[in-house]
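K.L.:
Turn this into a structure:
(one chain, ligands or ions: 1)
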Amino acid sequence: MSEQTMRAVTIEEFGGPEVMRTRRVARPEPLPTEVLVRVHAAGINPVDWKTRAGHGMAGLQSFPLIPGWDVSGVVEEVGFGVTTLAPGDEVYAMPWFPRPAGAYAEFVTAPSRQFARKPASLPHTGAAALPLAALTAWHALVDAAGVAAGQRVLVHAAAGGVGHLAVQFAKHFGAEVIATAREPRHAWLKELGADETIDYTQRRFEDATGGVDAVIDLLGTLDETDVRSVSVTRPGGIVVSVPGGVSPGLATAAGRAGVRTSPLLVEPDAAALTAIAELVDAGAVQVQIERTFALEEAAEAHRLGETNRTRGKLVFEVAK
Ligand SMILES: NC(=O)c1ccc[n+]([C@@H]2O[C@H](COP(=O)([O-])OP(=O)(O)OC[C@H]3O[C@@H](n4cnc5c(N)ncnc54)[C@H](OP(=O)(O)O)[C@@H]3O)[C@@H](O)[C@H]2O)c1
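P.N.:
Residues are numbered from 1 along each chain as shown. Prediction:
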């Protein structure tokens, strides 16, 4: 195996899961202030398959494209000027987002300060499952909503990658947590900290709860979840609409009800990843992995993810 090449999933055109091929490509080299990281595991997120299909962040990519943003691995080499990391350090990150990061590969390069120390208590597969989903939940709860102890927080799609972490962070911040998910997920979500669970297939969430301070809306315009969320939110409360920003319908309904709204696009944030790693290592937050895949199984991984039924996360095990 050449030192100059690596295995990676590549895409030459947007399309279905079958456009992803695993092949050998040139290994990236770190520029000054960057690190080269040997990827042990790479997390899989809905934005990966949305982008692969020509949506999501497709407009910011060029071909051949190596998909993916979430990595956990070991620093292999540091570029000139890097002072905080050294070869051998175990790190995790969501580098470059929304520009391409090329995470579905054996190596990535990115600015050193976009990486944080990996949670010591987790294997690389667990750490790689965290960055994009955990940072989204963190940015929504901490920065957009400013959730405080005693507030009521409603998390839609609580059983998914972002949702199950949002439930745990909200609980850690002292909030009362209401979670929407199918009934078979309820016992698990209660273990993670949900105080109320609503089976959205049996009743409308607005008939089951109310007086909410912050809605972490991970469904957006699907079933008009964003607009319907306004009716359960108290005046002055906030609906953070994560998938597609603030729709015109949400803006109108929220304006009438005196409810605040916020769009959100997750950003690389090593400081938040460090805080998240501390919570994980303290046992306050767990990450749920539904299944791991080899890079060669990328199409199967995307097909499973696209069913929109994932409990927790899907992850590539890149190095064993
Ligand atoms: N703006 C950003 O920066 C940003 C960042 C991250 C994610 N996102 C977006 O946020 C969304 C969620 O991401 P994710 O990674 O958490 O997705 P995910 O893990 O694929 O979500 C799957 C979960 O959604 C649940 N679900 C599906 N339909 C539902 C419904 N009608 N009501 C309640 N739960 C439902 C499913 O639970 P059941 O099986 O119980 O139905 C499943 O557990 C995606 O659209 C993603 O693209 C945006």
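K.L.:
Check the closest residue to the ligand within the stretch 151-300 of the chain and give its pLDDT.
P.N.:
For the stretch 151-300 of the chain, the residue closest to the ligand is Gly160, as judged by C-beta to the nearest ligand atom, at 2.5 Å. C-beta coordinates here come from the backbone N, C-alpha and C atoms, glycine included. Per-residue confidence for Gly160 comes out at a pLDDT of 98.
K.L.:
That one touches Ile216, doesn't it?
P.N.:
No - the criterion here is C-beta atoms under 8 Å, and Gly160 misses it with Ile216 at 11.2 Å.
K.L.:
quick one: which of the two has more around it?
P.N.:
Neighbour tally, Gly160 and Ile216, criterion other C-beta atoms under 10 Å: the higher count belongs to Ile216, 32 against 25.
K.L.:
what is the mean pLDDT for the host helix or strand of the more buried one?
P.N.:
Per DSSP states H and E: Ile216 is located in strand 212-217. For strand 212-217, mean pLDDT is 98.
K.L.:
what does the stretch 201-320 of the chain put close to the ligand?
P.N.:
218-219, 222-223, 242-243, 264-266, 305, 308-311 (C-beta under 6 Å from any ligand atom).
K.L.:
Just the buried ones from the residues you listed?
P.N.:
Taking 16 or more other C-beta atoms under 10 Å as the criterion, what is buried in those is 218-219, 242-243, 264, 266, 305, 310-311.
K.L.:
Widest-spaced pair of these?
P.N.:
Spatial extent of these (C-beta to C-beta) is set by the pair Leu264 and Arg311 at 22.9 Å.
K.L.:
what pLDDT does Met1 get?
P.N.:
For Met1, the model assigns a pLDDT of 43.
K.L.:
How about Arg7?
P.N.:
98.
K.L.:
a helix runs through it, doesn't it?
P.N.:
No - counting by DSSP: H, G, I helix; E, B strand; the rest coil, Arg7 is not found in a helix; it is strand.
K.L.:
Now Phe80. Nearest residue, chain neighbours left out?
P.N.:
Excluding the flanking residues, the one nearest Phe80 by C-beta to C-beta, 6 or more residues apart in numbering is Pro32, at 4.1 Å.
K.L.:
I appreciate the help and will end here.
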